[in-house]
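J.: Give me a 3D structure for the following:
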Amino acid sequence: MRRRISAKILLALGVLVTVYSCHQSDYAKLEKAELAKGVKYDSLFHGIQFGQSKKVFYDICWEKNRQGLFTAGNLKNYVNYTLNGDSSQIKDIEMFFYPEFDSEETIIGMDLEYKYKAWAPWNEDLTSAKLLPILKDTLMNWYGGNQFMQIEGDESSDPIWVKVDGNRRIAIKAKDEERLQVKMVDLTADK
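T.: Modelled structure (predicted):
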(Lines give C-alpha, C1' and ligand atoms only; values in the text may rest on other atoms or scores of the structure.)
Protein backbone atom coordinates (compact mmCIF):
# COMPACT_ATOMS: atom_id res chain seq x y z
CA MET A 1 0.00 0.00 0.00
CA ARG A 2 2.78 2.39 0.94
CA ARG A 3 4.65 1.57 -2.30
CA ARG A 4 1.53 2.26 -4.28
CA ILE A 5 1.15 5.73 -2.73
CA SER A 6 4.85 6.50 -3.30
CA ALA A 7 4.57 5.40 -6.91
CA LYS A 8 1.53 7.64 -7.42
CA ILE A 9 3.32 10.58 -5.84
CA LEU A 10 6.37 10.02 -8.04
CA LEU A 11 4.18 9.69 -11.11
CA ALA A 12 2.36 12.94 -10.25
CA LEU A 13 5.66 14.74 -9.69
CA GLY A 14 6.97 13.37 -12.99
CA VAL A 15 3.91 14.67 -14.83
CA LEU A 16 4.28 18.10 -13.20
CA VAL A 17 7.97 18.28 -14.13
CA THR A 18 7.19 17.20 -17.69
CA VAL A 19 4.40 19.77 -18.06
CA TYR A 20 6.63 22.50 -16.63
CA SER A 21 9.53 21.48 -18.91
CA CYS A 22 7.29 21.47 -21.99
CA HIS A 23 5.94 24.90 -21.07
CA GLN A 24 9.45 26.32 -20.77
CA SER A 25 10.95 24.35 -23.63
CA ASP A 26 9.65 26.43 -26.56
CA TYR A 27 11.63 29.45 -25.39
CA ALA A 28 14.63 27.36 -24.30
CA LYS A 29 14.68 25.58 -27.67
CA LEU A 30 14.51 28.88 -29.52
CA GLU A 31 17.33 30.42 -27.50
CA LYS A 32 19.52 27.35 -27.95
CA ALA A 33 18.85 27.20 -31.71
CA GLU A 34 19.52 30.91 -32.17
CA LEU A 35 22.78 30.80 -30.21
CA ALA A 36 23.88 27.71 -32.16
CA LYS A 37 23.66 29.73 -35.40
CA GLY A 38 26.58 31.84 -34.20
CA VAL A 39 25.00 34.97 -35.70
CA LYS A 40 25.77 38.26 -33.90
CA TYR A 41 23.21 41.05 -33.88
CA ASP A 42 24.90 43.93 -32.09
CA SER A 43 23.00 46.90 -33.49
CA LEU A 44 20.44 48.41 -31.11
CA PHE A 45 19.37 51.87 -32.39
CA HIS A 46 20.83 55.24 -33.45
CA GLY A 47 24.34 53.81 -33.78
CA ILE A 48 24.34 52.31 -30.28
CA GLN A 49 25.54 48.70 -30.21
CA PHE A 50 26.38 45.84 -27.90
CA GLY A 51 30.10 45.90 -27.14
CA GLN A 52 30.50 49.68 -27.31
CA SER A 53 32.34 51.44 -24.53
CA LYS A 54 30.64 53.77 -22.09
CA LYS A 55 32.58 56.65 -23.64
CA VAL A 56 31.30 55.88 -27.16
CA PHE A 57 27.75 55.62 -25.79
CA TYR A 58 28.05 59.06 -24.14
CA ASP A 59 29.63 60.53 -27.30
CA ILE A 60 26.69 59.26 -29.40
CA CYS A 61 24.18 60.62 -26.90
CA TRP A 62 25.93 63.98 -26.76
CA GLU A 63 25.87 64.27 -30.56
CA LYS A 64 22.19 63.20 -30.76
CA ASN A 65 21.39 65.74 -28.04
CA ARG A 66 23.17 68.43 -30.03
CA GLN A 67 21.00 67.44 -33.03
CA GLY A 68 17.86 67.74 -30.87
CA LEU A 69 17.03 64.00 -31.00
CA PHE A 70 17.93 62.93 -27.46
CA THR A 71 17.23 64.75 -24.23
CA ALA A 72 17.78 63.99 -20.58
CA GLY A 73 14.97 61.74 -19.43
CA ASN A 74 13.03 62.40 -16.25
CA LEU A 75 13.62 58.77 -15.25
CA LYS A 76 16.82 58.05 -13.30
CA ASN A 77 19.74 58.80 -15.62
CA TYR A 78 17.90 57.54 -18.69
CA VAL A 79 18.10 59.21 -22.09
CA ASN A 80 14.81 60.27 -23.71
CA TYR A 81 13.90 59.92 -27.39
CA THR A 82 10.44 60.63 -28.82
CA LEU A 83 9.07 58.48 -31.62
CA ASN A 84 6.81 60.93 -33.44
CA GLY A 85 3.41 59.75 -34.58
CA ASP A 86 2.74 60.33 -38.25
CA SER A 87 -1.00 61.04 -37.98
CA SER A 88 -3.77 61.72 -35.51
CA GLN A 89 -4.22 57.93 -35.27
CA ILE A 90 -0.63 57.32 -34.14
CA LYS A 91 0.36 59.13 -30.96
CA ASP A 92 3.86 60.20 -29.96
CA ILE A 93 5.68 57.55 -27.91
CA GLU A 94 8.51 58.33 -25.50
CA MET A 95 11.42 55.93 -25.27
CA PHE A 96 13.69 56.12 -22.21
CA PHE A 97 16.89 54.08 -22.21
CA TYR A 98 20.17 53.43 -20.45
CA PRO A 99 22.66 50.60 -21.05
CA GLU A 100 23.83 47.84 -18.78
CA PHE A 101 27.63 47.77 -18.76
CA ASP A 102 29.94 44.89 -17.88
CA SER A 103 32.99 45.21 -15.62
CA GLU A 104 35.00 46.64 -18.52
CA GLU A 105 32.33 49.29 -19.16
CA THR A 106 31.09 47.88 -22.48
CA ILE A 107 27.40 47.58 -23.34
CA ILE A 108 25.96 44.11 -22.71
CA GLY A 109 22.30 45.09 -22.38
CA MET A 110 19.86 47.94 -22.68
CA ASP A 111 17.07 48.86 -20.27
CA LEU A 112 14.22 50.72 -21.94
CA GLU A 113 10.81 52.05 -21.01
CA TYR A 114 8.11 53.18 -23.44
CA LYS A 115 4.99 55.24 -22.82
CA TYR A 116 2.61 57.45 -24.71
CA LYS A 117 3.75 61.04 -24.40
CA ALA A 118 0.21 62.25 -23.66
CA TRP A 119 -0.54 59.47 -21.14
CA ALA A 120 -2.93 60.37 -18.33
CA PRO A 121 -4.66 58.04 -15.85
CA TRP A 122 -8.11 58.95 -17.24
CA ASN A 123 -7.18 58.31 -20.90
CA GLU A 124 -7.84 54.61 -21.51
CA ASP A 125 -6.60 54.83 -25.13
CA LEU A 126 -3.06 55.64 -23.97
CA THR A 127 -2.40 52.85 -21.46
CA SER A 128 0.51 50.44 -21.60
CA ALA A 129 -1.95 47.67 -22.61
CA LYS A 130 -2.90 49.67 -25.72
CA LEU A 131 0.75 50.45 -26.44
CA LEU A 132 1.90 46.81 -26.24
CA PRO A 133 0.76 45.63 -29.72
CA ILE A 134 2.06 48.83 -31.31
CA LEU A 135 5.45 48.45 -29.62
CA LYS A 136 5.70 44.78 -30.64
CA ASP A 137 4.95 45.75 -34.27
CA THR A 138 7.46 48.61 -34.12
CA LEU A 139 10.23 46.37 -32.77
CA MET A 140 9.43 43.73 -35.40
CA ASN A 141 9.77 46.43 -38.10
CA TRP A 142 13.08 47.62 -36.65
CA TYR A 143 14.68 44.24 -36.00
CA GLY A 144 12.79 41.65 -38.07
CA GLY A 145 13.60 38.02 -37.34
CA ASN A 146 11.60 35.74 -35.09
CA GLN A 147 8.17 36.69 -33.82
CA PHE A 148 7.56 37.52 -30.16
CA MET A 149 6.40 34.60 -28.03
CA GLN A 150 4.43 34.94 -24.83
CA ILE A 151 5.90 33.59 -21.60
CA GLU A 152 3.82 33.68 -18.44
CA GLY A 153 5.21 35.68 -15.54
CA ASP A 154 4.53 34.77 -11.94
CA GLU A 155 0.96 34.92 -10.61
CA SER A 156 1.20 38.60 -9.74
CA SER A 157 2.60 39.83 -13.04
CA ASP A 158 1.59 40.27 -16.65
CA PRO A 159 2.98 38.00 -19.34
CA ILE A 160 6.38 38.68 -20.86
CA TRP A 161 6.81 38.86 -24.63
CA VAL A 162 10.21 37.63 -25.84
CA LYS A 163 12.02 37.31 -29.16
CA VAL A 164 15.50 35.94 -29.75
CA ASP A 165 17.53 36.46 -32.89
CA GLY A 166 21.10 35.17 -32.78
CA ASN A 167 22.65 36.61 -29.63
CA ARG A 168 20.06 39.36 -29.12
CA ARG A 169 17.08 38.81 -26.81
CA ILE A 170 14.34 41.42 -26.56
CA ALA A 171 11.76 41.09 -23.77
CA ILE A 172 8.70 43.30 -23.16
CA LYS A 173 6.65 43.49 -19.98
CA ALA A 174 4.10 45.95 -18.61
CA LYS A 175 5.57 47.93 -15.73
CA ASP A 176 2.28 49.60 -14.83
CA GLU A 177 -0.72 51.27 -16.51
CA GLU A 178 1.59 53.90 -18.05
CA ARG A 179 4.83 52.19 -19.05
CA LEU A 180 6.19 49.12 -20.79
CA GLN A 181 9.62 47.83 -19.80
CA VAL A 182 11.91 46.42 -22.48
CA LYS A 183 15.18 44.63 -21.88
CA MET A 184 17.63 43.94 -24.70
CA VAL A 185 20.42 41.53 -23.83
CA ASP A 186 23.47 40.12 -25.59
CA LEU A 187 23.12 36.46 -24.62
CA THR A 188 26.80 35.83 -25.39
CA ALA A 189 28.14 38.57 -23.11
CA ASP A 190 29.81 37.72 -19.84
CA LYS A 191 27.88 39.25 -16.98
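J.: so Phe96 touches Thr71, yeah?
T.: No. Applying CB atoms under 8 Å as the test, Phe96 and Thr71 come out as separate, 10.2 Å apart. All C-beta atoms are positioned from the backbone trio N, CA, C, and that covers glycine.
J.: Between these two, tell me which one has more neighbours.
T.: Neighbours were tallied for Phe96 and for Thr71 using other CB atoms under 10 Å; the higher tally belongs to Phe96 (20 against 14).
J.: Flag every buried residue along whichever strand or helix holds that one.
T.: In the assignment (DSSP states H and E), Phe96 maps to strand 93-101. Applying a neighbour-count criterion of 16 or more other CB atoms under 10 Å, one finds Ile93, Glu94, Met95, Phe96, Phe97, Tyr98, Pro99 buried in strand 93-101.
J.: just those now: which is nearest Gln181?
T.: Nearest to Gln181 out of those is Phe96 (CB to CB; 10.0 Å).
J.: Spit out the contact partners of the closest one.
T.: Gly73, Leu75, Tyr78, Val79, Asn80, Leu112, Glu113, Tyr114 (CB atoms under 8 Å, 6 or more residues apart in numbering).
J.: pretty sure Ala28 is in a helix, no?
T.: Yes. Assessed by DSSP: H, G, I helix; E, B strand; the rest coil, Ala28 belongs to a helix.
J.: quick one: it from Glu113, how far?
T.: Taking CB to CB, to the nearest Å as the measure, Ala28 falls 27 Å from Glu113.
J.: More neighbours: these two, which one.
T.: Between Ala28 and Glu113, counting by other CB under 10 Å, Glu113 is the more crowded of the two (21 against 10).
J.: Mind listing the residues bridging to that one?
T.: For Glu113, the beta-bridge partners under DSSP bridges are Phe96, Gln181.
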